[in-house]
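A.B. asks: Would you be able to build a 3D model of this:
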Amino acid sequence: MSNIPSITVSDVALDRLETPLLVIAVPKEGVEVAGELAAVDAATNGALGRAISRRDFRGGRDETLLLGGSATGIQRVLLVGIGASPAGGSTAAERVLQVRRAAMLAGRQANKIGVGALAFYGATTETLAEAAVVGLCGGAWDFREMKSPVPEADQRAPLTSITIVTSDVPPGSKAKAQQGAKQGEAIATGYSLARRLGMLPGNVCTPDYLADTARDIAKRFGMKITVLGRKEMQAEKMGSFLAVAQGTTQDPKLIAIEYSKGKPGDAPVALVGKGLCFDSGGISIKPAADMEWMKFDMCGAAGVLGAMEAIARLELPINVVGLIGSTTNMPSGEAFKPGDVVQASNGKFIEIINTDAEGRLVLADVLTYAKRFNPAVVVDAATLTGAVVVALGHTAVGVMGNDDKVVQEVIDAGKRASEPGWPLPMWDDYKEIIKSDVADIKNAGGRAAGTITAALFLKEFAEGYPWVHLDIAGTAYTQADLGTVPRGPTGVPVGIFVEFVRGRAS
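C.D. replies: A predicted model of the protein is given here:
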């Protein structure tokens with residue numbers, strides 16, 4: 001299911017450490033090559049000290065320097081810069097994000113070298129150990145299951161073993177680091193699952209496949225699962241969801257997976273994900289160029305499944321429901337078309353303006369279905385609009401909702417997870433754009449404020465509970481190598497979901 005390396009925590013002194021690669025995260029202010037690091041300097045025949053003193057390596061953000069070490073003991077040293085500290089020094093939270101990013105770069109570098117194993121020095125607290133493990137595993141993640149084997153002469157060993165080194169620290173730090181590493185492994189496994197699902201092609205990762213993945217999670221962790229197909233959704237009068245699904249022969253799926261480790265009767269947190277396993281645009285078909293990237297239109301659903309995996313592994317004392325609406329959006333003689341009017345399960349009529357605005361139609365019925373769980377809060381994630389990329393680029397998640405306090409709570413969770421979000425206004429004035437002449441609402445209002453009007457559409461179906469919408473179209477996958485992440489899925493929104501639930505569980 002995942003390719004997470006084995007994780008260990010060791011307090012062995014650096015002068016007795018055996019590793020093919022030692023990773024050290026270095027701030028721009030530099031490090032003192034003394035104490036424990038004197039052993040590293042000796043292993044590199046003084047190269048570490050010279051690199052620091054000559055400023056060959058300056059600790060800039062994302063700067064790396066690989067040094068040769070000894071034939072035994074520390075065989076290589078990788079310095080990774082974390083950048084300059086803000087005036088007054090880095091906060092604990094900032095330090096966590098710096099270490100996580102440095103670890104991601106180190107994980108990728110370890111795979112390129114083919115060392116197979118590494119040790120990470122400096123993650124001595126619970127939060128830093130967690131960040132280091134999440135980063136190292138994320139950087140080392142690689143999708144090779146659909147590629148032919150590399151010729152033996154060209155093979156490089158993937159990273160399969162990580163050691164978090166906690167030497168030269170106060171007593172008790174190892175136990176805290178072990179707890180952090182365990183938490184990091186749980187979160188990294190969730191990210192790995194989400195990224196794998198995203199990377200799978202649409203002919204493999206179908207609605208049935210997502211349902212089977214959810215069943216596997218439910219079976220392993222003792223969760224309750226409900227899966228509705230086309231027939232069951234017809235009985236529930238989910239005309240909005242089914243309109244999208246009517247153009248495909250694949251059976252659509254509404255998946256509900258329930259984690260119940262909180263107090264009996266406590267209202268659950270509901271996590272909702274858009275699961276369009278492929279989006280052609282339907283009758284309003286997309287341009288052919290780059291259409292293959294639309295296999296990533298199910299990253300919201302992948303994020304829910306990854307988060308449920310991580311939450312279960314973390315054994316968080318809280319009730320959580322994961323909800324997924326999954327289908328494909330295809331053109332056919334049976335497909336829905338512009339001008340059609342459909343009725344959602346809450347009774348509202350929707351005029352179809354653009355069949356490529358299909359995700360909100362699926363989510364309309366899923367958000368209505370969420371109400372039966374009497375949720376304390378609902379957070380949905382969807383690769384919903386290209387407009388969010390215009391507004392926020394590929395850096396920030398668009399965040400909107402019907403409760404300002406909960407919106408801020410979600411944004412704070414995103415900061416902790418290194419998945420930053422930014423709020424967009426939900427003013428009533430924008431509703432005018434999606435008013436329909438023939439129905440209660442229309443599913444698209446043109447280019448202006450497209451992300452906001454999509455969220456306002458969803459708001460019509462998020463009734464009776466606090467709700468936040470995450471538009472992850474710019475952040476769930478990348479068409480360029482980001483340094484820390486290669487082309488493909490990023491794992492967003494696993495981190496936001498997990499950190500939000502952790503915040504509610506504490």
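A.B. asks: which stretches of the stretch 351-500 of the chain form strands?
C.D. replies: Here the stretch 351-500 of the chain has its strands, by DSSP state E, counting those that start in this stretch, at 377-382, 397-401, 421-423, 441-442, 467-471, 477-478, 488-489.
A.B. asks: Let me see the domain layout of the chain.
C.D. replies: What automatic domain parsing lists as the domains of the chain is 6-147+154-166, 194-505.
A.B. asks: Can you tell me which of these is most buried?
C.D. replies: With neighbours taken as mean count of other CB atoms under 10 Å, these reach their highest mean count in domain 194-505, at a mean of 21. Yep, even glycine has a C-beta here, placed from its N, CA and C like the rest.
A.B. asks: Tell me the gap between that one and the middle of its chain.
C.D. replies: How far domain 194-505 lies from its chain's middle: 13 Å, per CA atoms, centre = their mean, to the nearest Å.
A.B. asks: got the buried residues for the longest helix along the chain?
C.D. replies: Across the chain, the longest stretch assigned as helix under DSSP state H is helix 173-199. Neighbour counts over helix 173-199 (16 or more other CB atoms under 10 Å) mark 173-174, 176-178, 180-199 as buried.
A.B. asks: Okay, now the unreliable bits of the stretch 151-300 of the chain?
C.D. replies: Applying pLDDT under 70 to the stretch 151-300 of the chain flags residues 168-171.
A.B. asks: Same question for the chain.
C.D. replies: 1-2, 87-90, 168-171.
A.B. asks: Go again with 90.
C.D. replies: 1-3, 27-36, 83-94, 122, 124, 150, 152-155, 167-174, 506 (pLDDT under 90).
A.B. asks: Do a quick rundown of the helices in it.
C.D. replies: All helices of the chain, identified by DSSP H, fall at 36-43, 47-53, 92-113, 126-140, 173-199, 207-221, 230-235, 239-245, 299-314, 359-370, 387-392, 404-416, 450-459, 494-505.
A.B. asks: Tell me what angle the longest one forms with helix 299-314.
C.D. replies: Compare the direction of helix 173-199 with that of helix 299-314 by axes from the mean of the first three to the mean of the last three CA atoms, to 10 degrees and you get 150 degrees.
A.B. asks: Packing partners of helix 173-199?
C.D. replies: Packing partners of helix 173-199 (3 or more CB pairs under 8 Å, 6 or more residues apart in numbering; DSSP states H and E): strand 6-10, helix 126-140, helix 207-221, helix 299-314, strand 488-489, helix 494-505.
A.B. asks: distance between it and the chain's centre?
C.D. replies: 12 Å.
A.B. asks: So what angle separates the directions of it and helix 126-140?
C.D. replies: Here helix 173-199 points in a direction 30 degrees away from that of helix 126-140 (the same axes, to 10 degrees).
A.B. asks: what's next to stretch 387-405, contact-wise?
C.D. replies: Residues from elsewhere that reach stretch 387-405, judged by CB atoms under 8 Å, 6 or more residues apart in numbering: 377, 385, 407, 410-411, 414, 419-424, 426, 447, 449-452, 454-455, 459, 462, 466-475, 478, 492-493, 496.
A.B. asks: do stretch 432-445 as well
C.D. replies: The contact list for stretch 432-445 (CB under 8 Å, 6+ apart) reads 341, 348-354, 357, 360-361, 446, 448-450, 453, 456-457, 460.
A.B. asks: now with 6 Å?
C.D. replies: Outside of stretch 432-445, the residues within contact range by CB atoms under 6 Å, 6 or more residues apart in numbering are 341, 348-354, 357, 361, 453, 457, 460.
A.B. asks: next one: stretch 165-180
C.D. replies: Outside stretch 165-180, the residues touching it (CB under 6 Å, 6+ apart) are 9-11, 13, 36, 119, 121, 124, 126, 129-130, 164.
A.B. asks: Show me the two of those that sit farthest apart.
C.D. replies: Greatest spatial distance in those: 13 and 130, 23.4 Å, computed using CB to CB.
A.B. asks: just to revisit the earlier point, save the strands of the stretch 351-500 of the chain as TSV, and put in distance to residue 368 too.
C.D. replies: Formatted as TSV, the strands of the stretch 351-500 of the chain follow (distance: least, CB to CB, whole Å):
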stretch	distance to residue 368
strand 377-382	11
strand 397-401	17
strand 421-423	24
strand 441-442	14
strand 467-471	12
strand 477-478	28
strand 488-489	28
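A.B. asks: where's the closest residue to residue 18 other than its chain neighbours relative to residue 17, distance?
C.D. replies: Take residue 18 and drop its neighbours on the chain: the residue closest to it by CB to CB, 6 or more residues apart in numbering is residue 73, 6.0 Å away. Separation of residue 73 from residue 17 (CB to CB, to the nearest Å): 6 Å.
A.B. asks: before we move on, what about residue 481?
C.D. replies: In this view, residue 481 and residue 17 are 32 Å apart by CB to CB.
A.B. asks: How about residue 412?
C.D. replies: Going from residue 412 to residue 17 by CB to CB gives 37 Å.
A.B. asks: same question, residue 242
C.D. replies: Distance of residue 242 to residue 17, given as CB to CB: 60 Å.
A.B. asks: Of the contacts of stretch 432-445, which is the nearest to residue 106?
C.D. replies: residue 357 (41.3 Å).
A.B. asks: Excluding chain neighbours, what is closest to that closest one?
C.D. replies: In space, and not counting its chain neighbours, residue 357 is closest to residue 444: 4.1 Å by CB to CB, 6+ apart.
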